[in-house]
Every structure is written in C-alpha cells, then in structure tokens.
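Peer 1: Sequence and computational prediction follow.
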Amino acid sequence: FFEYYHNDIFFCWGKRIVENIKKMKKSDMITNIKNLVVSGNLNQLENKEISEKISKIKKSFKSIGVKKKILILDTSHDDNKNYNEQLMLSKKVNYFYKKIIDFASNDKRVGLVIKPKKGLDFLDKDTKKKISNLVNMKKIYVENNFKVPVKNFSKISDFVISLTVDSLPSAMLEALCENKKLKCVFYDYPKCSKKEKIFIWGNKKVLFNNIDNMLKAVRNNLFLPDSKIGVWPKNFLDSLNPFKPVSNNDKAKFYIQNLLNQFKKLESKDKSIKKVNYLFEKKYGNKLVIKI
C-alpha cells in the first residue's frame, strides 16, 4: 500500500518500499517526496478467534490424511482494458487456479489454503465447482476476509505458491517473515526479477516465469526433503525485517491521526509535518518516521 499525501509525504507498508523510494529519489525519478511513513497494514485483525480458526484448519487437514499444506497467494489482476494500470491478466490467474486445483485433486496428500486478493468470483464455472467440491471434502480452505493476516496461515503451511506483478510478492515475504522454514516459489509475471540479484541464485528455484514449469517443479519436489526448490538462502531470510503490528499499530495510527489534524489546523504543510514529528518523538521516539 502506498499513497501520495499533500504531494510531499508518502505512506507505505514496509522497508522494501522505503528503499525503493530512496533509489528513485537518487535517480531523480521522484523529486517532491520528502517524508515517508512506514505504517504497516493497519487493517489486519489479531484476535483469539483467528487463532482458533487456524487450529481448526490444521486439525481438519490432518483428519483426512493431508501431509503437505500449500498456501496459495495470488495477486492483483484485471482484464487490462484501460490505461490506469496494467495488472496480471485475470485469465492468467484463472489458468493458475485451474492448474493448482487439478494438482490438489489428483494428490490426496496435498491440501490447499487459498487467500485470494480479490475473491474467486472471476474464476470459470468448472474451476469454481471443483473448489467447492474440495472445500466440502476439507481438502481446501478459502479465506475471503482480507483483514486476516497471511502470517497466521504460514504457521500451518509447508509450502507457499505465489503470484506477483512486482519484483517480489509482499504477501509471500510476510509469510516467510513469520515462518522462515517455509519453502516458497512465485510466478514472476512481469519478469522484474531478471534485474535483481535474486535471479542469479533463485531462477527456477524460487522464481519462475512460466506457471506450468513452476507447478511441475513443486509437484516433483514437494515430498523430497532435500530438494532446493522453494528454499531461500539464510542471508536473505536474516535480512527480512517484519513490521510488528501488535507493537507498532498504535504508533502508526497516532501519527496519521495527528497528521490529519495538523493539516486542518495549519496552512503550511512543512509546519504540520514538523509539529507531528515533534509530537510523535515526544511520545514514541522517531524511528518510524524517515525524512529523505
């Protein structure tokens, strides 16, 4: 999540976006952004009910003999018939689901936890029917509440398969932050990773530019304990710096609420931001507000 606010402050979810903005500033791609607010995802739910739900899902899979639980994370998609933004084609995401559902249907040892980005109503009738049947058989669990954090499902998963329209899927990284023993692969639709270091060590191991090749690799290696498919290097895992919502949500909300109030009171944006920075530093310290 990111959003321009009053043309000189930028809200974002995490460290990776902060680093990208700094690079864009250095290359003069962005000239008017002076401040970043790392807020985390303030919409996520954290409660006992969710914990109990996760426990029930785990027990349900075990009761029918599921040996490997795969977490499915799709991405933003559209038919791309406008010029506002170009996302992954919905028909491509439909194809992905068709293939992964067939995979789960043909192997009684495999269970799926699906956390879709936009729901599953866009899928073709045959695929939706298969999903419904597998849900009834307890082979699939679908979470449609976007406020339930991905990290909860990563705790009970063995493998993650993700899609992305960016260099790295943020939901997959969230899962890895919570469970660093996870094996994860993703379909690099825009082929952004060719420009990143990850391509050198991760091509056809954690990232794929072909859905069929990715699913074939997972299918052939899912039950091989020594397989390197989906394994992320320790130095990458150690570099992950997750945003802790329990300790930081209140801080982010405090900052944003005061920022809105100061924009209403003061005509100068610089004075508004300076005032909120002072209030925040006085209450919490200034570690989550970065001036660039």
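Peer 2: Everything's here; your move. Just so we're clear, the structure is a prediction, and the values are computed from it rather than from any experiment.
Peer 1: got the buried residues for stretch 78-91?
Peer 2: Asp78, Leu87, Met88, Ser90 (16 or more other C-beta atoms under 10 Å). Just so you know, the C-beta spots here come from the backbone N, C-alpha and C atoms, and that holds for glycine as well.
Peer 1: just stretch 129-143 next, same as before
Peer 2: Going by 16+ other C-beta under 10 Å, stretch 129-143 has these buried residues: Lys130, Ile131, Leu134, Lys138, Lys139, Ile140, Tyr141, Val142, Glu143.
Peer 1: for stretch 186-194, same thing?
Peer 2: By neighbour count on 16+ other C-beta under 10 Å, the buried set for stretch 186-194 is Phe186, Tyr187, Asp188, Tyr189, Cys192, Ser193.
Peer 1: What of stretch 143-158?
Peer 2: For stretch 143-158, by 16+ other C-beta under 10 Å, it's Glu143, Phe146, Val148, Pro149, Val150, Lys151, Asn152, Phe153, Ser154, Ile156, Ser157, Asp158.
Peer 1: Now, those residues that are in strands?
Peer 2: Among those, no member falls in strands (DSSP state E).
Peer 1: Take these and lay them out in CSV including pLDDT.
Peer 2: CSV is the format used below for these (pLDDT from 0 to 100):
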residue, pLDDT
Glu143, 94
Phe146, 81
Val148, 83
Pro149, 83
Val150, 88
Lys151, 85
Asn152, 88
Phe153, 93
Ser154, 92
Ile156, 94
Ser157, 96
Asp158, 97
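Peer 1: Just flag the most distant two among the residues you listed.
Peer 2: Based on C-beta to C-beta, the longest span within these runs between Phe146 and Asp158 and measures 23.4 Å.
Peer 1: Nothing else from me, thank you.
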